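*Asks:* Just a sequence and a predicted model for now, questions to come.
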Amino acid sequence: MTDRRQALTSPKIGNVPINAIRRKPGRVSAFADGWRRWWPYYVMMAPGILFFLVFHYLPIWETRIAFEQVRIVPPNVWVGLKHFQVLFSSSVFWQVLANTLIISTMKMVFFLPVPIVVALLLNEVRGGSLRKFIQSAIYLPHFLSWVVIAGIFIAALSPTDGAVNNLLGMAGIAPRSFMTDTGAIRWVLVFTEIWRSAGWDSLLYLAAIIAIDQQLYDAAEVDGANRWQKIWHVTLPGIVPTIATLFILNAGMFLNADLNQVINLSNDVVRSKIDIVDTYVYRIGLQTGEYSLATAAGLFKAVLGTMMIVVAHFISKRLTGKGVW
Amino acid sequence: MALSRKTPIERIEYAIIVSTLLLLVVVTVQPILNLLAVSLSAPGKVPGMSGLAILPDGLSFEVWSVLLQHPNVQRGIINSIFITGVSTLIGVVGTALMAWGLSRPNLPGRKALFILVLVTIVFEPGIIPDYFVNKRLGLLDSYWSVILYKAVNAWYLIILIRFFEEIPNELLEAAELDGANPFQIFWHLVLPLAKPALATISLFYLVFHWNEFFRAMIYLNDQGKWPLQVVLRQFVIDGDKVAIVGADSANNNTGAGQLNLRALKAGMILLTIAPILAIYPLILKFFTKGTMSGALKG
């Protein structure tokens, strides 16, 4: 204790062990030595560590209310798995879980290939400034919030004066109210996801393409390969590891169907189709006040999600050498 | 490369590729230009305007002047700037200090700290426990509940650690031999070397906090504390016209109440993305590098 106080107050500690003379042998002293050299780093890291403990680990401790009955007058009563039983016997919960899985699958099938295609096309563009112009435009939506994107699409999909229905009108197709159409709303989620992220995500593939050895292209050229043959036989194989990594990581985040997107594109008419676990937790928890049930649902999702992401990480690491972290 | 022997077919192929990408550009930019056109059109012309228009019909700045003079919007702008500014500052300082320690390979407890951070990436207990923590700390309805949300972002932390790790060890050891303490090394050596990385992280935080709305929506009851995103949501998504034009004008259809709701919404959306557009050249410069060198997703 005194060692530490002395270490903390001594002005210059970096490489001169002030208490060297009093050094005792054994593990304790090794620890004290380490402390003497490294305490400034811990002082600097303290705010960050404190932040993680308070805002990431206290919430984990708070999840205990999933196992408790919340009382207006504390303390809460331990009820074990009661809330989970209620949750699993609720048809709404299974519906929102199904919705989450359906939306994630749709995004995986219809979203994931788009940035790959965009990257392949971008790589074919020769003029540097033309390519830059295209990139600058298609990266933009990634930096807009879902509130903004929802606002843009509510306008663009309006049945009366939205761009989409104006175009359909030119082709003689009757206007449709996509935002309030239970058959269309999931596709709105997929499309807005593409609009927002396909451009930006193509950057990841483009980075992989640029890393491909130019000699491979030269060799293919000598063999008389045309553009498509080069894409098929050189470029695509070159980015397969990146594709695999991103595919696996996306699979790991399968239960995250993007709360911010859904909450802003949802409305009373279509809610049943796109109500996901996160919006369900928000609604029954913060709007209805069933804290324990909501926490139970959130905890169920978190545990399952953690398992999936850890498995995905190790599969990805094994197959491609790249993981989540 | 091989420009000389381009066959007509290759030229057509190239034209198709470029037009496909340009179509993508149009699909991305047109909806935003349309909002701009609608917000700048003469109020009488707005009702019949096509969603395909990209030029205003007539020219009027009335929508913008109503929006910019509205107390809720003005509060929103101030709140957004305040929240984004303070949280970005806290975020960059906290992240840099923590990343510096974690980037030292021999730091005792380094592995344990890494696990401490990684656990928070893979395990997110959800909004209800988060809400209770904020409630317990007395942060509900306080700016701090929003400012401190993801104050140190685990992903950005990892990006910065990777960057600090690349600083040559000899440089740091030389400084240590010269008698510099870790604080001095950090301040005089590491930070100046890390300027590009710090700029990247600052922009990450800036964009993240400017766009954050969910926490603000659930934690801030007091409308006077709402950032622009929440004001935008109330007005555009919930369609609450009174929120912008005031009950009197909305009910009696006078003053701002006569303005087209569509034009007001368009203006409000653009107002919210204006700062992002203003710093977009910087974003392009730094985000691109940060994303390609750092973690997979920014």
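*Replies:* Cool, got the structure.

*Asks:* Contact partners for B:Gly48?
*Replies:* A:Asp161 (Cβ atoms under 8 Å, 6 or more residues apart in numbering or on different chains). Quick note: C-beta positions are derived from backbone N, CA and C, even for glycine.

*Asks:* Against A:Ala163, how distant is it?
*Replies:* 15 Å (Cβ to Cβ, to the nearest Å).

*Asks:* Nearest residue to the middle of chain B?
*Replies:* By Cα atoms, centre = their mean, the mean C-alpha position of chain B lies nearest to B:Val207, the distance being 1.9 Å.

*Asks:* Before we move on, what's the pLDDT of B:Gly290?
*Replies:* Note on B:Gly290: pLDDT of 64.

*Asks:* which bits of the stretch 151-300 of chain A sit near chain B?
*Replies:* A:151-156, A:158, A:161-167, A:195, A:199, A:203-204, A:207, A:221, A:226-227, A:245-246, A:249, A:259-260, A:263-264, A:278, A:281-282, A:285-286, A:291, A:294-295, A:298-299 (Cβ under 8 Å from any Cβ of the partner chain).

*Asks:* Would you list the buried entries among those residues?
*Replies:* Applying 16 or more other Cβ atoms under 10 Å in any protein chain shown to those, the neighbour count classes A:151-156, A:158, A:161-166, A:195, A:199, A:203-204, A:207, A:245-246, A:249, A:259-260, A:263-264, A:278, A:281-282, A:285-286, A:291, A:294-295, A:298-299 as buried.

*Asks:* Restricted to strands, list these.
*Replies:* Secondary structure assignment by DSSP state E places none of these in strands.

*Asks:* Looking at the stretch 101-250 of chain B, what residue ends up closest to chain A?
*Replies:* Scanning the stretch 101-250 of chain B for the residue nearest chain A gives B:Gly126, at 2.8 Å (criterion: Cβ to the nearest Cβ).

*Asks:* what's the burial count for that residue?
*Replies:* 27 (other Cβ atoms under 10 Å in any protein chain shown).

*Asks:* Now it: closest residue in space, sequence neighbours ignored.
*Replies:* For B:Gly126, ignoring the flanking residues on the chain, the nearest one in space by Cβ to Cβ, 6 or more residues apart in numbering or on different chains is A:Gly298 at 2.8 Å.

*Asks:* hang on, the earlier thing: backbone dihedrals for the residue of the stretch 101-250 of chain B closest to chain A, please?
*Replies:* phi 100, psi 180 (degrees, to the nearest 10).

*Asks:* Distance of it relative to A:Phe300?
*Replies:* Distance from B:Gly126 to A:Phe300, by Cβ to Cβ: 10 Å.

*Asks:* Any regions of the chain where pLDDT drops low?
*Replies:* Defaulting to chain A. Chain A contains residues with pLDDT under 70 at A:1-29, A:324-325.

*Asks:* The intended chain is chain B.
*Replies:* For chain B (pLDDT under 70), the answer is B:1-5, B:243-258, B:290-298.

*Asks:* How is it partitioned into domains?
*Replies:* B:1-60, B:62-298 (automatic domain parsing).

*Asks:* wait, which of those domains is closest to A:Asp213?
*Replies:* Set against A:Asp213 and scored by Cβ to Cβ, the domains of chain B come closest in domain B:1-60, at 15.1 Å.

*Asks:* wouldn't B:Val231 be in contact with B:Gly76 here?
*Replies:* Yes - in this structure, B:Val231 is within contact of B:Gly76 by Cβ atoms under 8 Å, at 4.0 Å.

*Asks:* The residue nearest to the centre of chain B against A:Phe143, yeah?
*Replies:* Yes - the criterion here is Cβ under 8 Å, and B:Val207 meets it with A:Phe143 at 5.5 Å.

*Asks:* Now the common contact residues for these two.
*Replies:* With Cβ under 8 Å, 6+ apart, B:Val207 and A:Phe143 have common neighbours B:Ile276, B:Ile283.

*Asks:* sorry, back to before: so who does the residue of the stretch 101-250 of chain B closest to chain A touch?
*Replies:* Counting by Cβ under 8 Å, 6+ apart, B:Gly126 has contacts A:Pro59, A:Thr63, A:Asp278, A:Val281, A:Ala294, A:Thr295, A:Gly298, A:Leu299, A:Lys301, A:Ala302.

*Asks:* Can you tell me which of those is closest to B:Ala263?
*Replies:* Among those, and counting by Cβ to Cβ, the member closest to B:Ala263 is A:Asp278, at 33.2 Å.

*Asks:* How about that closest one, nearest residue that isn't a chain neighbour?
*Replies:* In space, A:Asp278 is closest to A:Leu259, 3.9 Å off (Cβ to Cβ, 6+ apart).

*Asks:* With A:Ala211 instead?
*Replies:* A:Gly238 is the one closest to A:Ala211 (Cβ to Cβ, 6+ apart), at 7.7 Å.

*Asks:* Counting neighbours, what do you get for that neighbour?
*Replies:* 17.

*Asks:* which ones are touching it?
*Replies:* A:Ala208, A:Ile209, A:Ala211, A:Ile212, A:Leu216.

*Asks:* The last one: which element?
*Replies:* Applying DSSP states H and E as the criterion places A:Leu216 in helix A:214-222.

*Asks:* Not counting that helix itself, show me its contacts.
*Replies:* Contacts of helix A:214-222 (Cβ under 8 Å, 6+ apart): A:Gln229, A:Lys230, A:His233, A:Val234, A:Gly238, B:Ala2.

*Asks:* Quickly name whichever of those residues is closest to B:Ile185.
*Replies:* For the contacts of helix A:214-222, the nearest to B:Ile185 is A:Gly238 (40.7 Å; Cβ to Cβ).

*Asks:* so who does B:Val122 touch?
*Replies:* B:Val122 touches A:Gly305, A:Thr306, A:Ile309, A:Val310, A:His313, A:Val324, counting by Cβ under 8 Å, 6+ apart.

*Asks:* What is the neighbour count of residue 205?
*Replies:* With no chain named, the answer covers chain A. Neighbours around A:Tyr205, by other Cβ under 10 Å: 22.

*Asks:* you looked at the wrong chain, it should be chain B
*Replies:* Neighbour tally, B:Tyr205, other Cβ under 10 Å: 23.

*Asks:* Report the contact partners of it.
*Replies:* B:Ser87, B:Thr88, B:Gly91, B:Val92, B:Asn153, B:Tyr156.

*Asks:* Find the helix or strand that it is a member of.
*Replies:* helix B:195-211.

*Asks:* and the helix or strand just after that helix, what does it pack onto?
*Replies:* Remark: after helix B:195-211, the chain's next helix or strand is helix B:214-219, criterion DSSP H and E. Applying 3 or more Cβ pairs under 8 Å, 6 or more residues apart in numbering or on different chains; DSSP states H and E, one finds that helix B:214-219 contacts helix A:259-265, helix B:127-136, helix B:143-147, helix B:228-232.
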